[in-house]
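Asks: coords please:
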Amino acid sequence: MRIAYILAALLALAGAVLGGRAYIAPDSGVDGTLGAGLALAGAVAVTLGALVAAIPEIRGGWRGLLGTLLVLGAALTALAAWFLMKPAFAILMALALLGVVVALLVRPRRRLA
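Replies: Okay, here's the model as predicted:
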């Protein structure tokens, strides 16, 4: 289900924006820290990976491997955001995780032609 990957990418992009704000904003409490930078990098990686997974030509084992890496990346980024005490960022990444799981579980319908 390609739309679920797009939705996951949009949610991860919103998370990346919040992660970028946490990394850059001087009043965030975690500005410039390694943890905030890694959480930002994780959100960007999940965004790009979900966009790649939405490409229809990727099939079979590659899509499964990419989906597994996306699940792992979104889960660990949500956990990192939670440890950084950024609940909105953590919730967005958890929703991106849910979008990836839905995309992996729902198979696209084949057209009869």
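
Asks: what ranges do the helices span in this structure?
Replies: For the chain, the helices identified by DSSP state H occupy 2-24, 34-53, 60-83, 87-105, in order along the chain.

Asks: got the buried residues for the longest one?
Replies: With burial defined by 16 or more other CB atoms under 10 Å, the residues of helix 60-83 counted as buried are 63, 66-67, 70-71, 73-78, 80-82. C-betas here are computed from N, CA, C, even on glycine.

Asks: Could you export the helices of the chain as TSV, including mean pLDDT?
Replies: Below are the helices of the chain laid out as TSV (pLDDT from 0 to 100):
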stretch	mean pLDDT
helix 2-24	94
helix 34-53	95
helix 60-83	93
helix 87-105	95
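
Asks: which other residues reach stretch 49-68?
Replies: When contacts are taken as CB atoms under 8 Å, 6 or more residues apart in numbering, the neighbours of stretch 49-68 outside the stretch itself are 2, 5-6, 8-9, 12, 69-70, 73, 96, 99-100, 103-104.

Asks: now for it, what's the gap between its first and last residues?
Replies: End-to-end distance of stretch 49-68: 11 Å, with CA to CA, to the nearest Å as the criterion.

Asks: So what's the gap between that stretch and the chain middle?
Replies: Distance of stretch 49-68 from the chain centroid (CA atoms, centre = their mean, to the nearest Å) equals 14 Å.

Asks: and if you look at stretch 4-20?
Replies: Distance of stretch 4-20 from the chain centroid (CA atoms, centre = their mean) equals 6 Å.

Asks: how about that stretch: buried residues?
Replies: By 16+ other CB under 10 Å, the buried positions in stretch 4-20 come out as 4-16, 18-20.

Asks: Tell me the one of these nearest residue 86?
Replies: residue 18 (6.6 Å; CB to CB).

Asks: ok, the closest residue to the closest one other than its chain neighbours - contacts?
Replies: Counting by CB to CB, 6 or more residues apart in numbering, residue 18 lies nearest to residue 89, which is 4.3 Å off, once chain neighbours are set aside. Remark: with contacts taken as CB under 8 Å, 6+ apart, residue 89 is in contact with 15, 18, 19, 22, 39, 43, 81.
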